[in-house]
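*Asks:* Sequence first, predicted coordinates after that:
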Amino acid sequence: MATIIETATAPIERVTVDPVTVDVIENALRNARQEMDAILFRTAMSPGIREQHDEFPLIANPEGLMVVGQFGLSIPAFLDGYDGEVSDGDILFTSDPYACDGAISHANDWLIVMPIYFEGRVVGWAAQFGHMTDVGGKVPGSLPTDATQIFEEGILVPPTKLYSKGQLNEEMLELILNNVRMKDWNRSDLNALVAACRNAGRRIQELCRRFGTGSYISTLDALLERNFQAIKKLIETTIPADEKLEFTDYLCDDGMGYGPYKIHCSMWREEGRLILDFEGTDPQSMGSINYYLNESLYKMFFGTYMISVFDPQILWNDGFYPLVDVRIPAGSLLKPRYPAALSCRTHGLGRIFDILAGLLGQRQPDFLCAAGFSSSPHLMYSGNYTEGDRAGEWFQLYQIGFGGIPARPFGDGPDGYSLWPSFTNVPNEFLEAYFPLVIERYETVADSGGPGFFRGGNGVDVAYRFLEPGEISIHDDRWFTYPWGVSGGLPGGRSRKWLERASGTTEVVPSKCDHIKVHKGDLLHYVTWGGGGWGDPYDRDADLVAKEVRQGLVSSAGARRYGVVLSAESEVDAAATTVLRERLRLERGEKKLFDRGFESVDELRGRCLAETGLPAPRPPVFRQLAAAHDE
Amino acid sequence: MAYRLGVDVGGTFTDLLLIDEETGHTFRAKTPSTSEDQSKAVLTGIDRICKLAGIEPREIGQLLHGTTVATNAVLEGKGALVGLVTTLGYRQVLQIARSYVPGGLGGWIVWPKPTPLARLEHTVEALERVDTRGAVLRELDEDDLAAKLAALGEAGIEALTVSLINSFANPIHEQAIAAIAAEVLPGVPVSLSSQVLPEIREYERTITTVLNSYVRPIVGRYLASLETQLHSAGVPAKLHVLRSDGGLQSIGTAEAVPVTLLMSGPAGGVSGAVWAAKQAGYENLLTLDMGGTSTDVALVEHGVPRIGRDTLVGDLTVRASSVDVRTVGAGGGSIAHVPELTRALRVGPQSAGADPGPAAYGRGGEEPTVTDANVVLGYLPPQLIGGEMALDVGAAERAVQKIADAMGLPDARTAAAGIIDIVNENMFGALRLVSVQQGYDPRDFALVAFGGAGPLHANALARLMGSWPVIVPPSPGVLCAYGDATTSLRNETSRTFIRRFSETTYGEVHNALAELETEARVNLDVEGVPRDQQHVMFQVDIRYHGQGFEVPVDVASEMLSEPDLLDVVGARFDDEHRRLFLFSLDAEHELVNLRAVVTASPPRVEAVALAEGGADASAAMTGRTTIFIDGAEASAGLYDRAALRAGNVVAGPAIVTEMDATTLVLTGHIATVDPVGNLIIRPDAA
């Protein structure tokens, strides 16, 4: 339990703040948070943070409740796990998900937490984490598919002071950096995280100076209350009062031949509160696909999902948390027991967004989006240059892929985009300049977006030509199950990968793998999945379908999935289209609310090899892990 | 030939400023813009201003022009049908863009899917490949490409962009395609990415070049038409256009690379602000240009506007140098609203525009705007001196009352004060972006306010920023035309040059910069600028090896001959990095881009001195009015700016009105009229 040292002890006086000042400070907090991002993007070195923006900032009130930002750090829980004093000038650091209640969910995420002092008192906290390209461990990139314990996934830093009263703990930092493969990147990225938090600290101090500490803190109370009231109203108006809604989705496999893993969530209202209960979710995996889910984080996901439709300008904060109760069974895939491996948790993190859409959309068409690009598929490529002026030098790439955004009540899903805020792709010219690669293709795959009245976004085909021998690792999902469609919309296309060897052979590459050797001249096709469709494809504007065929986003054959018949010049054959649509409507019958693209998991297993070139995953076997841990 | 004419074409008015180069005497004219053909208003204005000055059109030696033709074409979606040639495998480079969805978690649910500026059905792939070092991996298949271009021609494209992978390293295939296009698509203007933006990052290079193609025909037609009409009107003047970076260029260059004109309008404003503030003796400035729908802010250090590498227009960001202007959707017409769910007060980005405009304009507008809030508070007197219309105070009050009702505030005045606070905070955010966030302390800068609404809000913003004094130039509405008339010719050349310091030498860098200088001088030579009036400056973009963003470091031309050049710029980069980001690293430096900038000596344009009048401003006082300020009613003096004399002191609260703007001086502040007519507002020390 940390001891917070404050030289001023008088309690901060709460005052009444006029509503306009509240809005003014809300704006100022939004700006402060944007500055955190800007500083990090401009100074970090790893492409993951710098180009793709795999990072999350937060500013909290003195009690540790987030007032702006987007992750679920529980500062009280974090401080519980730290035995020591916290003073002005201290900066805390951790990479241990188990030590911060899952605020970060694997060891690659390095988290900085900084108290903000003003006139001798803690007036808030700044925190930010970013994904490090490498934190050591058994494979380059530190995301081993076959890990069974977190110790295999790189260095695990418990909550520790990186700076003590402004003094950097250099020896500790060197010790940590000595354990990672790309220490310059980690050092720079860590510096950038610290700079961003310090900048946020200065902004908060300026606000205290400008408005007075009492007004500032009281405003935060008002902002928290504003979220509380807004979400209260939303829950009352959008969640059925006396109905339990349920939804199930899957992780395709664990990379060790088992799957799919089931994630199940129920939602209902109980005494004014909303309950989200993951009872029925599969037990934790022996492998590394476990996702240590922080309850607050899921509350935030839930709230954000709802509010973005109603007042996108609102400053998102923790104020509504008492209204939502998230229950996650211990020992499940979403609450694994220490020291379970966690590194490949990205698929679970993504899939719980699909589950939100599936739950909220059942009674509220405004929220009903199809399943989409709910993951951040990874490619790792590493080795030593064998020729040229860099011969002998180590290279290591970690790259996130992009895919199809689901079709939405508001329109088509974008092709090859990201669901994650602020994520961007890496320019291919940049990859070619810094890695021994030629990217021979970077384009979306026709027909991979699920047909519907609104079309799901297409997945992306990236073709990597390797110029140096090395090893690749891949982490992807949705190769076995489909991104489902809604309200008559059809599922999107699944992910696929294959290697065209320089020797002339072609081999299918599994969705999750490590240590795949590649040779000079080998070509990897990395195809991500599309978004599901929304609404009846037979009602989609036929001319738009034809136009997308001319654009190459839909194929001629694919147009028939919309019931659209085209001439040789890709113009709509109106008469034939009417006939075909009529027939297809009859054949289909009632529109499905959810179209998963399979009848049962067993049925899907039966056609897996033929369709994907990969054997079907076997049903998971759950080892009864250390029952002793369970009290 | 002793006259210079500055012409700024804005959305509502075309402003002209005629300067007698010998005496410095100026004449001003204003005429409604003609959006269907901007050149009409220009000609009308020239006719008017010549009569005013009693000169013949042939006496105008220089015509310097800020234009929004390019910007409007983008914002209104009226650009050309663009064909695009990419490398095989990259046809969807604009469809995918950078995969970025704005907004927070869940932002994707409501974000509208964008449409590429060059349509996908008009994008074709060249069978060719160049690698990152410029080596040809696959020769261009010319026959295949000729057939594809012919098909684009049949599809009716009006401009062509060629943007191939790694063309920044070797433009050979882009040039070959240009040659083919000249045969297959005669008359279709071709823009090559290796010419428009020879820099790494395929999406940014492509979108910038496509945007260039998109505005090229419209800009070309406009400039050609303007030139013809000037000739037939007997104006022999050489026409120059103001670029986004605040430099002037010949219309030949402007036609070929119109992407450099996107910020021509705002650049004129900043240049004008620099000129006006210089007359008042200030060189470190924050500029505030507040109009009807948006506000532009910029930072000027030592009399030089900061130049950014990105230009934002609408939803698009292109890589083109421009005065680092940040725009917020906060203007006089911005609409205040209260979302039912959160009951928060939001101002903008929706705007009442010119039609119907604010409720106070009495043209049927009912939504409460920032202007209405200013009317309710009494800051905008209902009968403006020289103003063209009376303001409908009742309508403004009814509109603002809706906000009071929605928020549960006691009255319309309280709501109006809230609207002003929020809109000021939005502008404050933009001013912080260009100052604090770039490592500058706003207290070291004066705030120059212009545009129709800037002078109303500037005093309050200076109080927030600590930026004193506030400078309100005379005729703040035509400041852009001053900018157009007082800047000089400029040309810039650049290339990507990615080398770690250990991978290059002083000699290599020196030669590359010297080559860029030679290229950059050509335009000014052609314009007849003597070499001794050409000023050369270099810029190198540096980062720590491994970083993704670079920081530009200025290199004076004398430094080019110093063999320790790299050490010096490396150290400067470290300093700059510390200033921007609070830390520097012990990591290797890497060069990214090299740039040469050549400017001609600026023209000497003196401000006209105002008659001396002593401290007493009572002669200019036209009455008193009751305003609501700092939560209470107060009596404010009303002044006619035209009647103010140098040395006059106006004590706040006060309202100073003139034809195109109103200045609000807050309680506890005084405005002094300087010798050339600027209002200089400071806190009252007494």
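*Replies:* That came in fine, so what should we check first? What you see is a predicted model, and the numbers here were worked out from it, not measured in a lab. Numbering: from 1, shown residues only, chains lettered A, B, ... in the order given.

*Asks:* Please name the nearest non-neighbouring residue to A:T145.
*Replies:* With sequence-adjacent residues excluded and distances taken as CB to CB, 6 or more residues apart in numbering or on different chains, A:T145 is closest to A:G255, at 3.6 Å. Backbone N, C-alpha and C define where each C-beta goes, glycine included.

*Asks:* what pairs with the residue of the stretch 351-500 of chain A found nearest chain B across the strands?
*Replies:* Nearest to chain B in the stretch 351-500 of chain A, going by CB to the nearest CB, is A:R441, at a distance of 3.6 Å. Beta-bridge pairing of A:R441 under DSSP bridges involves A:A463.

*Asks:* So the residue nearest to A:P144 when sequence neighbours are not counted: helix, strand or coil?
*Replies:* Leaving out its chain neighbours, the residue that sits closest to A:P144 by CB to CB, 6+ apart is A:K138, at 5.0 Å. Put simply, A:K138 is coil when judged by DSSP: H, G, I helix; E, B strand; the rest coil.

*Asks:* And for the one 5 residues further on?
*Replies:* Reducing the assignment to helix, strand or coil with three-state DSSP, the entry for A:L143 is coil.

*Asks:* residues contacting it?
*Replies:* A:106, A:108, A:153, A:288, A:343-344, A:378, A:380, A:473, A:475 (CB atoms under 8 Å, 6 or more residues apart in numbering or on different chains).

*Asks:* so which of the residues you listed would you say is closest to B:D554?
*Replies:* A:N108 (38.8 Å; CB to CB).

*Asks:* re earlier: tell me how many other residues surround the residue of the stretch 351-500 of chain A closest to chain B.
*Replies:* Per other CB atoms under 10 Å in any protein chain shown, the neighbour tally for A:R441 reads 19.

*Asks:* now swap in A:A241 and tell me
*Replies:* Counted with other CB under 10 Å, the neighbours of A:A241 add up to 10.

*Asks:* Specify the next element, helix or strand, located C-terminal of the helix ranked longest in chain B.
*Replies:* In chain B, with assignment by DSSP state H, the single longest helix is helix B:202-232. Downstream of helix B:202-232, the first helix or strand assigned by DSSP states H and E is strand B:238-242.

*Asks:* which other helices and strands contact that next one?
*Replies:* strand B:60-66, helix B:202-232, strand B:248-250, helix B:251-256, helix B:264-280 (3 or more CB pairs under 8 Å, 6 or more residues apart in numbering or on different chains; DSSP states H and E).

*Asks:* helix/strand/coil for A:R583?
*Replies:* helix.

*Asks:* coming back round to it: and the residue nearest to A:T145, that's in a strand?
*Replies:* No: secondary structure of A:G255 (three-state DSSP): coil, not part of a strand.

*Asks:* Next secondary structure element downstream of the helix or strand of chain A with the lowest mean pLDDT?
*Replies:* Across the helices and strands of chain A, mean pLDDT, DSSP states H and E gives its lowest value to helix A:47-50, namely a mean of 76. Later in the chain than helix A:47-50, the nearest helix or strand by DSSP H and E is strand A:55-60.
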